[in-house]
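Colleague: Okay, structure incoming, though there's no sequence with it:
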């Protein structure tokens with residue numbers, strides 16, 4: 001009896017080669033899809049990070065600028081601080097060299113830290129005089145603690161360096177023809193910043209105060225003995241000036257540095273040494289511009305996010321304060 005061996009069919013060489021080619025094509029398409037997905041992920045992540053960092057920095061700057069004292073904002077040349085102009089002045093030519101912004105800000109922490117505020121911003125005109133301000137409802141002990149803590153004990157309503165007081169729309173006139181009477185003018189007039197100690201030693205239009213109990217402020221320093229003070233119903237306290245300076249880095253971009261805890265009205269101001277209290281707002285900035293019109297300040301900030309080699313993502317934010 002003969003036995004028949006059943007033969008099994010197998011792939012031919014041509015079929016094997018065809019299968020390998022198909023698998024190769026599918027693999028190449030799959031790897032290309034995966035590579036594109038990953039590339040898009042990296043791009044979207046970098047865009048998100050850049051946009052988020054820029055937005056946070058812009059919001060931080062806007063928050064600080066929202067408490068600026070009107071008429072105190074200066075644009076400066078960081079390489080030559082004597083080269084400056086008042087930002088709201090339309091008579092001074094503006095150029096790209098004035099990249100540093102400086103201003104005096106009211107004590108936002110003391111005003112918003114409690115209810116009622118540590119200093120409420122209202123002056124009882126009838127009960128006040130040219131030497132003492134009555135601010136009923138304030139808690140000046142708390143205001144003193146806040147200023148002292150924020151300034152590392154440099155500022156106090158009791159002694160040492162005193163905070164400054166600003167009355168709404170009232171300043172001494174630096175260029176007054178009657179220097180004896182020290183006529184007053186509105187903040188909207190040019191030349192007022194020069195008498196706050198910010199650009200020179202003229203402090204004729206800024207006054208310092210110390211507390212007299214919990215609801216009274218006495219003029220201090222040179223203003224304590226004057227009789228030509230003009231007070232108004234609304235006031236603001238300030239314990240520091242502020243400056244934002246772009247610092248050039250090796251990569252050709254800038255870091256925005258915030259300077260605080262210095263008082264032009266007490267003789268400490270921006271100079272070659274720069275104030276010790278500083279912090280970085282944002283790194284890798286390519287654009288930082290600002291302008292002021294009326295009582296509105298606009299600024300623009302652009303920052304880069306590196307995604308490898310020479311590829312960068314740039315995000316820009318613009319705000320009005």
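Modeller: Arrived safely, thanks for sending. All of these numbers come straight from a predicted model, not from anything done at the bench.
Colleague: Sketch out the low-pLDDT regions of the stretch 201-321 of the chain for me.
Modeller: 226-228, 272-273, 308-310 (pLDDT under 70).
Colleague: So which residues of it form strands?
Modeller: Residue ranges of the strands in the stretch 201-321 of the chain, as given by DSSP state E, counting those that start in this stretch, are 207-211, 216-220, 235-238, 240-248, 254-259, 278-293, 296-306, 312-320.
Colleague: What separation do you get for residue 221 and residue 311?
Modeller: Distance, residue 221 to residue 311, by Cβ to Cβ, to the nearest Å: 56 Å. (Glycine included, C-beta is placed from N, CA and C.)
Colleague: neighbour count winner among those two?
Modeller: Counted by other Cβ atoms under 10 Å, residue 221 and residue 311 do not tie: residue 221 has more neighbours, with 16 against 11.
Colleague: The more buried one and residue 208 touch, don't they?
Modeller: Yes: at 4.7 Å, residue 221 counts as touching residue 208 under the criterion of Cβ atoms under 8 Å.
Colleague: intersection of neighbour lists for the two?
Modeller: residue 162 (Cβ atoms under 8 Å, 6 or more residues apart in numbering).
Colleague: May I have the phi/psi pair for the spatially most central residue of the chain?
Modeller: Centroid check for the chain by Cα atoms, centre = their mean gives residue 61 as the closest residue, at 3.2 Å. Torsion angles at residue 61 (phi, psi; degrees, to the nearest 10) stand at phi -60, psi -40.
Colleague: that older thread, can you tell me which of the strands of the stretch 201-321 of the chain is nearest to residue 270?
Modeller: strand 240-248 (5.8 Å; Cβ to Cβ).
Colleague: Mind giving me the packing neighbours of the closest one?
Modeller: If you count contacts as 3 or more Cβ pairs under 8 Å, 6 or more residues apart in numbering; DSSP states H and E, strand 240-248 packs onto strand 100-105, strand 254-259, strand 278-293.
Colleague: May I see those strands arranged in a markdown table, with distance to residue 268 and mean neighbour count as well?
Modeller: Compiled in a markdown table, those are given as follows (distance: least, Cβ to Cβ, whole Å; neighbours: other Cβ atoms under 10 Å):
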| stretch | distance to residue 268 | mean neighbour count |
| --- | --- | --- |
| strand 100-105 | 13 | 24 |
| strand 254-259 | 11 | 19 |
| strand 278-293 | 14 | 17 |
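Colleague: Go through these and name the closest to residue 130.
Modeller: Across the helices and strands packed on strand 240-248, closest to residue 130 is strand 100-105 (Cβ to Cβ), at 22.6 Å.
Colleague: What is the next helix or strand along the chain from that closest one packed up against?
Modeller: Next helix or strand after strand 100-105 toward the C-terminus (DSSP states H and E): helix 108-112. Applying 3+ Cβ pairs under 8 Å, 6+ apart, one finds that helix 108-112 makes contact with helix 140-150.
Colleague: what about the helix it packs on, distance to the chain center?
Modeller: How far helix 140-150 lies from its chain's middle: 22 Å, per Cα atoms, centre = their mean, to the nearest Å.
Colleague: May I see the buried residues of it?
Modeller: 140, 142, 143, 144, 145, 146, 147, 148, 150 (16 or more other Cβ atoms under 10 Å).
Colleague: State the pLDDT value of the third one.
Modeller: On pLDDT, residue 143 comes in at 92.
Colleague: show me the contacts for the nearest residue to it once chain neighbours are set aside.
Modeller: Once flanking residues are discounted, residue 143 sits nearest to residue 118: 3.7 Å by Cβ to Cβ, 6 or more residues apart in numbering. Contacts for residue 118 (Cβ under 8 Å, 6+ apart) come out as 110, 111, 138, 139, 140, 142, 143, 146.
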